[in-house]
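Asker: mind looking at a prediction? Sequence and model below.
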Amino acid sequence: MKANKLNASLKLIEDPEAEDSIQKTDSIYGKYWDTLKMNPYKSYSLKYPFNIDFDTIQYASPIDKKKVVTSRYGWRWGRAHRGIDIDLVTGDEVRAMLDGKVRFVGYNGGHGRTVVVRHANGLETVYAHLSKYKVKVNENVKMGQVLGKGGTTGNARGSHLHLEVRYKGVTINPEYLFDFNKDNSIRAKDIWITRNRVNPVNHVSTRKSKMPVYNTREDALNGVQKERVVYIIRKGDTLGKIARRHRLSITQLCRINSIRRNSILRIGQRLIIN
C-alpha cells in the first residue's frame, strides 16, 4: 500500500490549476519531477552564472571499456550537438555515472530509447540510443548501476552512447564537468557555469574545447570577459556586413578565423568574433 501511494504521488499532476502543472515532490530532487517528458523545464528561466556542487570527486564510467569520444559537444553539420558520443557495441551495458533517481525512461525522437537520471545536486544525466532498458521511472540507482544496453535507436549513425548533461533543462558541455579519461574524475567539487559552457555554437564537435574550470562566481564573471563570441552565418551575410555589425574590420575578421577576404561563406558556418 505504501509503495502504491509513493508511486501515485510521483506521477505528473494533470490538473491545470496545479502550480506549474508539474508534480511537486518533498525530495531533494526538486519540484520539476515529470516522468512523461524528457525536459520538464521548458518554461523555466535559468540565470547565469550558476553553480553545481558535487559531493564526490569521481564518477562511474558509463561504459565498461575505454571511453572513446567520437563526437563532442558543439556545432556539427550546421546544427547543435548537445552531448558527446561515446563508442560502444550494441548490447554493451550502460551505467549511471552518479547516484540518483530515474526520472524518465522512454523513446524520445532522435534520442531513441533514453534514460534520464536526476542527481542530488539537480544535475541530470541522459543516456540515449539504447537498445534495452534495465530500470524503471522513480527507481533509486547507485553509481555504476546498469541502466540499459547500448544500441542504435533513434537518429544514430552506428552504435554509440549519446550522453548529455543537463541542469534545469539546459545542456552543459559534459567535458566541462567530467574528465572522460581512465581516472573518471569530476573536474571540481564546486563548478560555476557560464553561457559559453552551455552554448554549442561556442564549441566544435570535432575537437575538445579548452575550458578552465570556474570555481567561484567571481572567476566565472571574470572569465566571461575572455570567452570568445561566435556568429553563425545566415542567408545574405557577407564579411563586410558581419564585420560592421561587430565593429571589426574585414582584415581583423579574416585574421581571427584564418580565412581570406574572398572565402565563400556557407549558411550555418561559424565565425569567431573575438
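Answerer: On my side now, so go ahead. Numbering: from 1, shown residues only.

Asker: for residue 197, helix, strand, or coil?
Answerer: Classification of residue 197 using DSSP: H, G, I helix; E, B strand; the rest coil returns helix.

Asker: check which helix or strand residue 251 maps to.
Answerer: Here residue 251 is covered by helix 250-257, with elements defined by DSSP states H and E.

Asker: what residues does that helix touch?
Answerer: The contact list for helix 250-257 (Cβ atoms under 8 Å, 6 or more residues apart in numbering) reads 239-240, 242-243, 246, 260-261, 263, 271-274. In this view, the C-beta of every residue, glycine as well, is placed from N, C-alpha and C.

Asker: the residues you listed in helices, which ones?
Answerer: Counting by DSSP state H, those place 239-240, 242-243 in helices.

Asker: I'd like those as TSV, with distance to residue 192 appended.
Answerer: Shown next, in TSV, are the ones in helices among the contacts of helix 250-257 (distance: Cβ to Cβ, whole Å):
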residue	distance to residue 192
239	35
240	38
242	31
243	33
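
Asker: quick one: neighbours of residue 194, just the number.
Answerer: 20 (other Cβ atoms under 10 Å).

Asker: next one: residue 31
Answerer: Residue 31 is flanked by 14 other residues according to other Cβ under 10 Å.

Asker: any idea which helix or strand carries it?
Answerer: Using DSSP H and E, no helix or strand contains residue 31.

Asker: same deal with residue 94?
Answerer: strand 93-95.

Asker: all helices for the chain, in order.
Answerer: 2-9, 174-177, 195-198, 217-224, 239-245, 250-257.

Asker: list the buried ones in the last one?
Answerer: For helix 250-257, the neighbour count (16 or more other Cβ atoms under 10 Å) marks 253-254, 257 as buried.

Asker: measure residue 140 to residue 170 for me?
Answerer: Distance from residue 140 to residue 170, counting by Cβ to Cβ, to the nearest Å: 25 Å.

Asker: more crowded one of the two?
Answerer: A count of neighbours by other Cβ under 10 Å puts residue 170 above the other of residue 140 and residue 170, at 19 against 11.

Asker: alpha carbons of the helix holding residue 251, as PDB, please.
Answerer: Extracted in PDB, the C-alpha atoms of helix 250-257 (Å, rounded to 0.1, in the frame of the first residue of the first chain):
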ATOM      1  CA  ILE A 250      37.300  42.700 -42.600                       C
ATOM      2  CA  THR A 251      41.000  42.200 -42.100                       C
ATOM      3  CA  GLN A 252      40.500  41.500 -38.400                       C
ATOM      4  CA  LEU A 253      37.700  39.100 -39.000                       C
ATOM      5  CA  CYS A 254      39.700  37.200 -41.600                       C
ATOM      6  CA  ARG A 255      42.800  37.000 -39.300                       C
ATOM      7  CA  ILE A 256      40.800  35.700 -36.300                       C
ATOM      8  CA  ASN A 257      39.200  33.000 -38.400                       C
END
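
Asker: packing partners of the strand holding residue 94?
Answerer: Judged by 3 or more Cβ pairs under 8 Å, 6 or more residues apart in numbering; DSSP states H and E, strand 93-95 is in contact with strand 146-150.

Asker: what's in contact with the strand it packs on?
Answerer: 63, 88-96, 102, 113, 115, 117, 127, 129-135, 141, 159-161.

Asker: that strand: how far from the chain's middle?
Answerer: For strand 146-150, the separation from the chain centroid amounts to 19 Å (computed by Cα atoms, centre = their mean, to the nearest Å).

Asker: start at 198, not 1
Answerer: I'll keep to 198 as the first residue from here, and by that count the last item is strand 343-347.

Asker: what strands line up against it, and which way round?
Answerer: strand 290-292 (antiparallel), strand 320-330 (antiparallel) (DSSP bridges).

Asker: residues of it that come out buried?
Answerer: Buried, per 16+ other Cβ under 10 Å, within strand 343-347: 344-347.

Asker: go on, stretch 391-399?
Answerer: For stretch 391-399, using 16+ other Cβ under 10 Å, the buried residues are 391, 393-397, 399.
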